[in-house]
Each structure stands twice: as structure tokens, then as C-alpha cells.
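Asks: Everything below, folded, please.
(one chain, ligands or ions: 3)
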Amino acid sequence: MNKNRVVIAAILCFVFASLPSIALAAYHHAGDAEKDAAYVLQVYPKLAGTKLDNCALCHTGGTVTGSNGKKTTYGSCQWCHLTYKYDGSGNITATLNSYGKDYLAKGRNAAALTAIEKLDSDGDKYDNITEINAIRYPGDANDDPKKVIAPYRIYTKKQLQAMPQHKQFMLMNTTKSGDYYSEYSGVIMQDLLKRAGISSTATKITVYSPDGFATGHPLNDSSDNTGSAYAPYVNGTYPAATYYYNIEADKKKTSYGWCNYSSAGNKGRTHGDAINVDGGLRLLLAIQADGTDLVPGKLGPDNKLLANSEGPFRTVTPQKIVGPPDQPSTNPTKGSIWQYDANADHNAGFSSKSATIIKVEPLPAGTTDINVNEAGWIYVDEGKLVIYGALDGPTLIYPVNAMGTPVNGTSLVWNKFTDPDPAAIVTYTVEISKDKLAWTTVSTQMASLVKPEKTQFAGAGKFMLFGLIGTIAVGVPRRSRKYLGLVLVIALTGTVLSSCSDSDSSAVGMENVVIPSGTLSANTKYYWRVTADGPNSHAVSEVSEASTFTTTQ
Ligand SMILES: [Ca+2]
Ligand SMILES: [Ca+2]
Ligand SMILES: [Ca+2]
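Replies: Ligands and ions are numbered 1, 2, ... in the order given. This is a model prediction of the structure:
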């Protein structure tokens, strides 16, 4: 039920010189920004805990290219600290979005917030106060009140553990913090996304960690996925690796050794051996390393995750360019072998520790980001993972494209939606709207059973068929006639099922509702949408501009 949406809070911000346990306070950090945050909550108390209660209300994120050519995209907080610097020596306006700039120009106080309410700072045709009331960013034109929250699924650690686990012994090569071999195990990312219902329109994912880091991964590898643009890919296997051992590199053998060979998986291997991995090396959502659950992430005083705290989940990316554990870029002693190589595949840097949110991109048309603010740490603590974005929700089947429908007896039909947990009972909320802004719920109903006895659903199914046939009799606009075949197939399939058994349309993977009499006005265009909710999922489907229905007399 979208009115009762789980408040998905999350990250994009990290605590400024504070304790991890109060990381929720993230952007309410010391200094002038604390005053700004207080002004916002003073003027708009209802924004507390929403995605607007966050640096991103006034600040942008950004992408930087590191010395090794690797691009890193930062959330607004990390970007602000990089640009503005911890000592405040940078240019603050360079970190502001259009709303932040307007706020600054009007005096940067509570009165400034009120003074810019009627402006449309980001030029998306909604004034700032309309956006704020709808919990949409007034400084981001891609976020506006007409958009709905993108489909999402929340996975518990238990659910992830219950999925098939993939094990891979592999090198984790870092640029400067030391390398190691480890056997990671967890869920293959490609399989996890498939279970989450990844849409055919998806092209990439971005993995967020609550310390503010975001790492993008294309779904498929390509010839231009190389050099500074390289990012580890999701689908398919990585090249088989070779085992690299040298006594000089071994931390236990030399004072300046830079590779940790202590994982049990190293036993019995010799330099030059092929590393065999059943099923091949994959981009993994790791849950364990060397048979032990990953230690949940903890933030250190320097705003970085403490060493060895990388869980409860870490995306682990194997090397695409197989190579040895090279020396740290900062190694002052310099061993004689495996010198630091800026072009080496430092795969550990792409492996997101404490992965909390996975955004599947691009977001479906008409949807906006989930309510991500600063509760990424909550998900770390609770062992949960959020996947959202280009995931398939229920597909709206009928009425088709701007069809004429009767004022009374209009049926709405959509396909069944399956929760990530197949045993979970899905609830559908069906809403209609004249303007896509104000929505009216016409039905909240549980998923019908696949093999119902004589139930209200069977009756509703038959009623739906009369509705369909009645609609056809009323007449179909010329532009919708090409869909008549589909409608007839639906009707006939339903009729056959209805006459052969007591099944209803759910037996053919569909759900339906008849809009109650008196709900619709005559000669009116309506939009409609269906939201499916299970205990751990939320999926929404909204009709596009071309898929409304219009009532006749
Ligand atoms: Ca606006
Ligand atoms: Ca906006
Ligand atoms: Ca290295």
C-alpha cells in the first residue's frame, strides 16, 4: 500500500567527524550546514526523515576521475566535502544545486526558505513549495510531484542466504591498502537481479554504500569498457585467474610484504597454478569470506569504513585483466617484483563494502528515486539490501490505450505480480486519477489464489468478462481497434476457464477489479495505476500518457 510505504531511508551522506551510531544525523553535522538543516526542519517539520532531510536538498553530487583514471561518483555529502574541503577553503556555490543557490541568494535563513517557495528553482514546472509538499527535490528537474516512487524490493539477509550460493577464491587487488586472496561466497548479482524482476530496459546498476560511495556497473561488458571508463560488469563470467605467489610479497615473510596469503584457500597452491572456480568468477553479492559472515560496516573517525568491516554484504568484482597483487602505490620500501601499476586491474576498489542499495538504471519513465536519505546504516545494522529502479511491476493489461469505457462497470485488468518470496501474499492497490497528481483508491485487494474454489474472485472474474464484452459492445475508438484481438483473447480465455472450472482470470496470470458504480464521471479521461506490495517488496506500475481510459456516457 503506497500510503503505508515502508520508509526507505538510506544513505548518500556520511557522518562528519562523528560516531557511527549517530550516522543517522549525517547532514545535521557541525558548522553552518547544521543551521541550514535546522532552518529546513523549523519551516518544514514534516520533512524530518524524508529524502529531503538530506544534503541533496541543496547540494549536488558529482563524478571525479582519480589519479589512476578511475571515475568515482559521489553522493552530495562526499562531493561537498571533496569540493568545499573539510576546512571550508573551497567554493561552496560549486556544490549547490539550483534550489541551494536560490536559498543562498535570499539570505540563507528560515525566511529565505519561505521567500523562494513560489520559485521554480529547477525549472521542472513545479514551484518549490509544491515539490517540498510532495517530497520531491526542488533542485532536481528529474524529480517532480507527478512521478511515483520507483519499484523496489527489500531483501533480508536470511532471504539472500537461502538463495543458491556461489563460492570463488580470488585476488582482491587494491591500489594502496594491501592485497589479499580470499574465498568469497554469496549470490551471483546477475541471478539476484533476475529474481528481483530486472526489466529488459535496464542497462546498468549503481551500488551505494552508507559511507557515501557509489559504484556503477554496466550489465554487459563491451569493447569500450576499458581504460579510465572501465567498470566491472554484471552479466557473465570473468577470465579464469592464475595464482600469484612470491615470498617477497607475502606479508608474513617480509617486513614490507603487501599481500595477505593467510586465507585457508591459499593452502596447496603454487605460483602459476590455474585457479579453478566452479561456475567461473562472477560479480557477486558476497555474504561470507572464508566461511565467515562479513563483519557489518563501521565508520571510523576519518569517515572511512574501519578495516575488515565490509558487510553484511559486499559486491565483489573479479579482475577483468588478470594480474599479480601489485605493490601499494604508497609502498615506501618498494620490493623488487610486481611494482605498482596504475593500469593494473585494482578490482578491490570496485568492490563496494557494506553495499546497501542497488539502483537499477535507468529509472522507469514517470518514477523517481526511493526515499533515500541517511538510514543506510539502518540497513547495515538490520542486514537488509534494497534493490530499486528498472524492475518490472504489474503490467497493466486492460483497458488499452485511451479506450472508451462505460461510466459504470469499467474493469481494470493487470498481470499477477510475484513477490521475491513466492509464499508471500501480495496486496494490490488500484488507483485512478484525472491529473496524475491526486489519486483515488478504487480497490485494495489481496492477490487471488491460483486455484480458487467458488469465491468472490471467481464471481469478480465473470463480472469482469461481462464488463469486457460490454465495453466492446459500447465501442472501441478506431485507434484502439488493433488491440481488440488481445481483448477478445483475454475474454475468450477467461470464458473457457470460467466454464471449465471455477477458476478466474488469476489462473491465466491476471488480476482484476471492477470500478465501483458512481466512482467515475462521464466523458472524463482517467489515468490508472496498480501498486503491488508484499512483505519485502513494493512494485508500482503506472500507465503512460497513451494508456488512459476515457469514460463515455
Ligand atoms: Ca521545480
Ligand atoms: Ca524538482
Ligand atoms: Ca595492489
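
Asks: all contacts plus neighbour counts: C-alpha atoms, from now on.
Replies: OK.

Asks: how deep is Thr60 tucked in, by neighbour count?
Replies: Around Thr60 there are 22 other residues, counting by other C-alpha atoms under 10 Å.

Asks: residue ranges of the helices in the stretch 251-400 of the chain, please?
Replies: 376-382 (DSSP state H, counting those that start in this stretch).

Asks: Which parts of it are strands?
Replies: According to DSSP state E, counting those that start in this stretch, the stretch 251-400 of the chain carries its strands in the segments 259-260, 274-275, 284-289, 292-293, 314-316, 357-361, 367-368, 384-389, 396-398.

Asks: okay if I get those strands as JSON lines plus mean pLDDT, distance to Leu412 and mean neighbour count?
Replies: Output for the strands of the stretch 251-400 of the chain, formatted as JSON lines (pLDDT from 0 to 100; distance: least, C-alpha to C-alpha, whole Å; neighbours: other C-alpha atoms under 10 Å):
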{"stretch": "strand 259-260", "mean pLDDT": "98", "distance to Leu412": "60", "mean neighbour count": "24"}
{"stretch": "strand 274-275", "mean pLDDT": "98", "distance to Leu412": "55", "mean neighbour count": "15"}
{"stretch": "strand 284-289", "mean pLDDT": "98", "distance to Leu412": "39", "mean neighbour count": "25"}
{"stretch": "strand 292-293", "mean pLDDT": "98", "distance to Leu412": "46", "mean neighbour count": "14"}
{"stretch": "strand 314-316", "mean pLDDT": "98", "distance to Leu412": "41", "mean neighbour count": "27"}
{"stretch": "strand 357-361", "mean pLDDT": "94", "distance to Leu412": "28", "mean neighbour count": "24"}
{"stretch": "strand 367-368", "mean pLDDT": "86", "distance to Leu412": "21", "mean neighbour count": "22"}
{"stretch": "strand 384-389", "mean pLDDT": "92", "distance to Leu412": "25", "mean neighbour count": "24"}
{"stretch": "strand 396-398", "mean pLDDT": "89", "distance to Leu412": "6", "mean neighbour count": "21"}
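
Asks: which stretch among the ones you listed comes nearest ligand 1?
Replies: strand 367-368 (14.0 Å; C-alpha to the ion).

Asks: Relative to the closest one, what are the paired strands and their orientations?
Replies: The strands beside strand 367-368 in its sheet (DSSP bridges) come out as strand 148-149 (parallel).

Asks: What are the contacting residues of the partner strand?
Replies: 366-371, 540 (C-alpha atoms under 8 Å, 6 or more residues apart in numbering).

Asks: picking that back up, tabulate the strands of the stretch 251-400 of the chain (CSV), appending distance to ligand 3.
Replies: Below are these laid out as CSV (distance: least, C-alpha to the ion, whole Å):
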stretch, distance to ligand 3
strand 259-260, 8
strand 274-275, 19
strand 284-289, 19
strand 292-293, 24
strand 314-316, 16
strand 357-361, 27
strand 367-368, 39
strand 384-389, 29
strand 396-398, 51
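
Asks: who wins for proximity to Lys436 among those?
Replies: Among the strands of the stretch 251-400 of the chain, the nearest to Lys436 by C-alpha to C-alpha is strand 367-368 (12.1 Å).

Asks: Can you pull the poorly scored residue ranges out of the stretch 201-350 of the chain?
Replies: For the stretch 201-350 of the chain, residues meeting the criterion pLDDT under 70 lie at 212, 302-303.

Asks: mind redoing it with 80?
Replies: Across the stretch 201-350 of the chain, the ranges flagged by pLDDT under 80 are 211-214, 299-305, 331-334.

Asks: Can you report how many residues lie near Tyr340?
Replies: By other C-alpha under 10 Å, 18 other residues sit near Tyr340.

Asks: Skipping its backbone neighbours, what lies nearest it in space?
Replies: Gln327 (4.6 Å; C-alpha to C-alpha, 6 or more residues apart in numbering).

Asks: show me the contacts for Leu119.
Replies: 127-128.

Asks: Over to it. Which of the three states is it?
Replies: coil (DSSP: H, G, I helix; E, B strand; the rest coil).

Asks: picking up where we left off before, which one, of the strands of the stretch 251-400 of the chain, ends up nearest to ligand 2?
Replies: Per C-alpha to the ion, nearest to ligand 2 of the strands of the stretch 251-400 of the chain: strand 367-368, 10.2 Å.

Asks: residues making contact with that closest one?
Replies: With contact meaning C-alpha under 8 Å, 6+ apart, strand 367-368 is reached by 142-144, 147-150.

Asks: Quick check: the residue sitting furthest away from the middle of the chain vs Ile247, distance?
Replies: What lies farthest from the middle of the chain is Ser336; by C-alpha atoms, centre = their mean that is 44.5 Å. According to C-alpha to C-alpha, to the nearest Å, Ser336 stands 11 Å off from Ile247.

Asks: And for Ile358?
Replies: The value you get for Ile358 to Ile247, if C-alpha to C-alpha is used, is 39 Å.

Asks: mind checking which of the strands of the stretch 251-400 of the chain is nearest Val187?
Replies: With C-alpha to C-alpha as the measure, strand 284-289 is the member of these nearest Val187 (5.2 Å).

Asks: In terms of secondary structure, what does the closest one contact?
Replies: Of the remaining helices and strands, those touching strand 284-289 by 3 or more C-alpha pairs under 8 Å, 6 or more residues apart in numbering; DSSP states H and E are strand 179-188, strand 314-316.

Asks: Mind giving me the packing neighbours of the shortest one?
Replies: Applying 3+ C-alpha pairs under 8 Å, 6+ apart, we find strand 314-316 packed against strand 284-289.

Asks: before we move on, the earlier item: please name the residues that touch the residue nearest to Tyr340.
Replies: Gln327 sits in contact with 175-176, 178, 249, 258, 334-335, 338-341, where contact means C-alpha under 8 Å, 6+ apart.

Asks: which one of those residues has the most neighbours?
Replies: Most neighbours among the contacts of Gln327, by other C-alpha under 10 Å: Ala249, with 27 neighbours.
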